[in-house]
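**Student:** sequence plus predicted model, see below.
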Amino acid sequence: RKGNFEHFMQKEIHEQPDSLTMTMRGRLIRGGEQKAKGILLGGLKDHLKTIRRSRRILCIGCGTSYNAALAARPVVEELSGIPVTMEIASDLLDRQGPIYREDAAIFVSQSGETADTLQALEYAESDGALCVGITNTVGSAIARGSHCGIHLNAGCEIGVASTKAYTSQIAVIVMLALALGDYSLSTQQRRNAIMDDLYNLPSKVRDVLKLDKDMKELAALLMDEQSLLVFGRGYNYATALECALKVKEVSLMHAEGIVAGEMKNGPLALVDETLLIIVIATRDASLNKQQWKARKGRLIVMCTEGDAEFMCPDRTCRIIEVPKVQDCLQPIINIVSLQLLAYHLTVFRGFNVDQPRNLAKSVTTQ
Ligand code: F6R
């Protein structure tokens, strides 16, 4: 079932052009002349109005699913005009955070069975919020327990480390943002640009997968490292968290994802000439605010194709160049190369790729 691949994680990373195509099929509606026309989310059609009227949107999940919602949060806020609050399911439950009838709560879970997310769903439902489920498993507890939802259609994911479900989760939440904002004339151009890039996303992801050999070489160089920091901001704060999560869970190397704006408030103290740092610096509105104070460390910079010279004029850093897409879709492009890096690091370090130590695919206990 692994076909030509050695591991499920590797297969699932390489499947992403197809899984994204499946996620968008029938939902991204094309108009004439290859132009995007609109978004159709069948499972939400009777509920979009209620979500548009909510005072707040809560995005609730665990691990990678939380990171996916975090990646899409800015575009949901931008296109819906509704504030979005992020919640790690267990933390919401620990705090018994307040939830209101005017809230729309979105539960993101690949398996649809994660105990903390499921319990948070029951909690939000009992407080009267509209509950939307985004899962990859038809008939799962979260899919059954929510008022409405969107199925990822990403295909079965077997590797414990989530890869293709992550990129499909981001794509689905971006489509949700487009649907929520589709009454507004002032954002029409922006929405059209995002829809056009969604349409081209599978072929761009195919281009990123061509970096496989480069990522393998980079992993060979990094395999004996003790620790890795990953910095990102704006749309790519989530990419930093997700890269660090993938590296630690499969390759068992210590890794930490940090929002770049926080560097000066503590983490900068760690930086010396030995520290290994990945900086996500693809082009978007936050690029000029990137923290180049990390210069002292050993830098790997992810940048937009053609920006290598500008990012690293003295050629002292290693560069990962990726294709440019609309800012809200860039996290999908950016994570693919980092998934490849985490995969190859794990193989070089001799750990179990598909069954990482102490982890299960579905976390059904609290
Ligand atoms: C990491 C990973 C986990 C899950 C988390 C939630 O690769 O897969 O962090 O994302 O356990 O699982 P789901 O998405 O099934 O709710």
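**Tutor:** That came in fine, so what should we check first?

**Student:** which SSE is Ala219 in?
**Tutor:** Under the criterion of DSSP states H and E, Ala219 resides in helix 212-222.

**Student:** helices or strands next to that helix in the packing?
**Tutor:** strand 318-322, helix 330-349 (3 or more Cβ pairs under 8 Å, 6 or more residues apart in numbering; DSSP states H and E). Just so you know, the C-beta spots here come from the backbone N, C-alpha and C atoms, and that holds for glycine as well.

**Student:** what ranges does the stretch 51-200 of the chain have for its helices?
**Tutor:** Using DSSP state H, counting those that start in this stretch, the helices found in the stretch 51-200 of the chain span residues 63-80, 89-95, 115-126, 141-145, 164-180, 188-209.

**Student:** nearest to the ligand, out of those?
**Tutor:** Smallest distance to the ligand across the helices of the stretch 51-200 of the chain (Cβ to the nearest ligand atom): 1.9 Å, for helix 63-80.

**Student:** and the angle from the closest one to helix 188-209?
**Tutor:** 150 degrees (axes from the mean of the first three to the mean of the last three Cα atoms, to 10 degrees).

**Student:** quick check: buried residues in the helix holding Ala219?
**Tutor:** Of all the residues in helix 212-222, those buried under the rule 16 or more other Cβ atoms under 10 Å are 212, 214-216, 218-219, 222.

**Student:** now flag whichever of those is closest to Val301.
**Tutor:** Checking these against Val301 by Cβ to Cβ gives Leu218 as the nearest, at 12.1 Å.

**Student:** and stretch 46-60, how far from the chain's centre?
**Tutor:** 21 Å (Cα atoms, centre = their mean, to the nearest Å).

**Student:** with adjacent residues omitted, what lies nearest to Arg27?
**Tutor:** Nearest residue to Arg27, sequence neighbours excluded (Cβ to Cβ, 6 or more residues apart in numbering): Leu40, at 5.4 Å.

**Student:** near the ligand, anything from the helix or strand where Ile13 lies?
**Tutor:** Using DSSP H and E, Ile13 falls within helix 8-14. No. Counting by Cβ under 6 Å from any ligand atom, the ligand is not contacted by helix 8-14; separation bottoms out at 9.3 Å.

**Student:** using CSV, write out every CA atom in the very next helix or strand once past that helix.
**Tutor:** Using DSSP H and E, the helix or strand that follows helix 8-14 in sequence is helix 16-24. Extracted C-alpha coordinates of helix 16-24, given in CSV (Å, rounded to 0.1, in the frame of the first residue of the first chain):
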residue,chain,number,x,y,z
GLN,A,16,-0.5,16.4,-1.4
PRO,A,17,-1.1,17.7,-5.0
ASP,A,18,-3.9,15.0,-5.2
SER,A,19,-5.2,15.4,-1.7
LEU,A,20,-5.6,19.1,-2.2
THR,A,21,-7.3,18.5,-5.5
MET,A,22,-9.8,16.2,-3.8
THR,A,23,-10.3,18.7,-0.9
MET,A,24,-11.2,21.5,-3.5
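
**Student:** list the buried ones in helix 16-24?
**Tutor:** Buried positions in helix 16-24, judged by neighbour count with 16+ other Cβ under 10 Å: 16-17, 19-20, 22-24.

**Student:** what residues does the stretch 251-366 of the chain have near the ligand?
**Tutor:** So the stretch 251-366 of the chain meets the ligand at 362-363 (Cβ under 6 Å from any ligand atom).

**Student:** so where do the strands sit in the stretch 251-366 of the chain?
**Tutor:** Secondary structure of the stretch 251-366 of the chain by DSSP state E, counting those that start in this stretch: the strands cover 254-259, 276-280, 298-304, 318-322.

**Student:** quick check: next helix or strand after the helix holding Ala219?
**Tutor:** strand 227-232.

**Student:** what strands line up against that following strand, and which way round?
**Tutor:** According to DSSP bridges, strand 227-232 forms sheet pairs with strand 254-259 (parallel), strand 276-280 (parallel).

**Student:** returning to what we had before: contacts for the helix holding Ala219, please.
**Tutor:** 228, 276, 300, 318, 320, 337, 340-341, 343-345, 347-348 (Cβ atoms under 8 Å, 6 or more residues apart in numbering).

**Student:** please redo it, this time with the cut-off set to 6 Å
**Tutor:** Here helix 212-222 makes contact (Cβ atoms under 6 Å, 6 or more residues apart in numbering) with 337, 340-341, 344-345, 348.

**Student:** between these, which is nearest Glu6?
**Tutor:** Using Cβ to Cβ, the contacts of helix 212-222 come closest to Glu6 at His344, 11.1 Å.

**Student:** out of everything not next to it in sequence, what's closest to that closest one?
**Tutor:** Ala219 (3.5 Å).

**Student:** what pLDDT does Glu273 get?
**Tutor:** Looking at Glu273, its pLDDT is 89.

**Student:** so how far is Leu222 from the nearest residue to it once chain neighbours are set aside?
**Tutor:** Excluding its sequence neighbours, the residue lying closest to Glu273 (Cβ to Cβ, 6+ apart) is Lys296, at 5.9 Å. Look at Lys296 and Leu222: by Cβ to Cβ, to the nearest Å, they are 18 Å apart.
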